[in-house]
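> Below: sequence and its predicted model.
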Amino acid sequence: MAKPDSNYTEDTVLIEAYRSGNEAAFKQLLDKHIGSVYAFVFQLLRDRTVAEDIVQETFIKAWRHLDRYDTARPFRTWLFAIAKNAAYDWLKKKRSLPFSAFVDDTDGSVPFESIPDLEPLPDEFLMRADASTELAVVIAALPEKYRALIALVYQEGFSLHEAAEILQEPYNTVKSRHQRSILELRNRLKGASDRVDGA
């Protein structure tokens with residue numbers, strides 16, 4: 001079994017301290033993770049006020065269920081799953097569309113087996129830091145299912161296996177979506193660059 005990383009160990013210590021009566025330990029957990037949870041939720045919802053409400057709801061739910069949380073699991077993965085569920089619940093209430101409209105990948109357009117097994121984006125993705133505003137606009141225009149995965153993998157550093165656990169979907173579905181999101185992002189970035197070059 002892989003050695004737990006320092007974040008995992010620190011979270012476990014704080015959780016056990018809270019369970020032992022140290023009320024301040026939960027605030028430490030909140031302070032440690034609230035920024036990244038907010039960034040993830042905002043990436044999904046694109047509304048600061050709603051994102052703040054969802055983050056508050058996320059931590060309230062985490063607090064209520066912390067006594068039942070299994071410390072054998074990474075706390076951060078569990079927390080982001082709560083945040084994702086809360087954000088998707090809000091989206092479902094906001095829209096009259098069925099939930100599958102923004103989480104389903106079985107549209108038949110490109111079968112999973114035919115998608116090239118692309119390497120993750122790091123260099124190509126991060127080298128655009130000089131055009132961060134443009135990149136943010138392009139990402140914001142992606143469907144929620146792609147924005148969620150990009151945020152989890154490229155902003156929060158989760159692996160695809162961890163992202164699948166957070167999204168509560170099969171690994172192959174998430175892997176397929178990852179490839180689609182990369183292709184979509186590349187196409188949109190190229191389109192944006194072409195428009196600039198042709199201006």
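Nice, I can see it.
> from here on, contacts and neighbour counts on C-alpha atoms
Fine.
> And the pLDDT for the residue nearest the centre of the chain?
The chain has Leu152 as the residue nearest its centroid, 3.3 Å off, counting by CA atoms, centre = their mean. We have a pLDDT of 94 for Leu152.
> go on, Tyr38?
95.
> And the helix or strand it falls within, what's buried?
Tyr38 is located in helix 23-45, with elements delineated by DSSP states H and E. Applying a neighbour-count criterion of 16 or more other CA atoms under 10 Å, the buried positions in helix 23-45 are 25-26, 29-30, 33-34, 36-45.
> from these, which single one is nearest Arg64?
Nearest to Arg64 among those is Phe26, at 11.2 Å by CA to CA.
> Tell me if I'm right that that closest one and Glu16 touch.
No - using CA atoms under 8 Å, Phe26 is not in contact with Glu16, being 9.9 Å away.
> overlap in contacts of these two?
Here Phe26 and Glu16 have no joint contacts, going by CA atoms under 8 Å, 6 or more residues apart in numbering.
> Against His161, how distant is Gln155?
Taking CA to CA, to the nearest Å as the measure, Gln155 falls 16 Å from His161.
> An error on my part: the question was meant for Glu184.
21 Å.
> what's the answer for Tyr38, then?
For Tyr38 relative to His161 (CA to CA), the value is 22 Å.
> before we move on, the earlier item: what does the helix holding Tyr38 contact?
11, 14-15, 17-18, 48, 51-52, 54-55, 59, 63, 76, 80, 83-84, 87, 91, 140, 144, 147-148, 151-152, 156.
> From those, which land in helices?
11, 14-15, 17-18, 48, 51-52, 54-55, 59, 63, 76, 80, 83-84, 87, 91, 140, 144, 147-148 (DSSP state H).
> Domain map for the chain?
For the chain, the structural domains run 6-94, 109-197, going by automatic domain parsing.
> hey, least reliable of those domains by pLDDT?
domain 109-197 (a mean of 74).
> dump the residue contacts of Leu185.
Taking CA under 8 Å, 6+ apart, we find Leu185 in contact with Val138, Ile139, Leu142.
> which one of those has the most neighbours?
Ile139 (21 neighbours; other CA atoms under 10 Å).
> before we move on, the earlier item: quick one: which of the contacts of Leu185 is nearest to Ser176?
Leu142 (15.8 Å).
> Just list the residues touching the closest one, thanks.
Glu184, Leu185.
> For it, grab phi and psi.
Here is the backbone geometry of Leu142 (degrees, to the nearest 10): phi -70, psi 160.
> how close does it sit to Ala86?
For Leu142, the distance to Ala86 - CA to CA - is 20 Å.
> How about the secondary structure of the nearest residue to the residue nearest to the centre of the chain once chain neighbours are set aside?
Leaving aside its chain neighbours, Leu152 sits nearest to Phe158 (5.6 Å; criterion: CA to CA, 6 or more residues apart in numbering). Under DSSP: H, G, I helix; E, B strand; the rest coil, Phe158 falls in the coil class.
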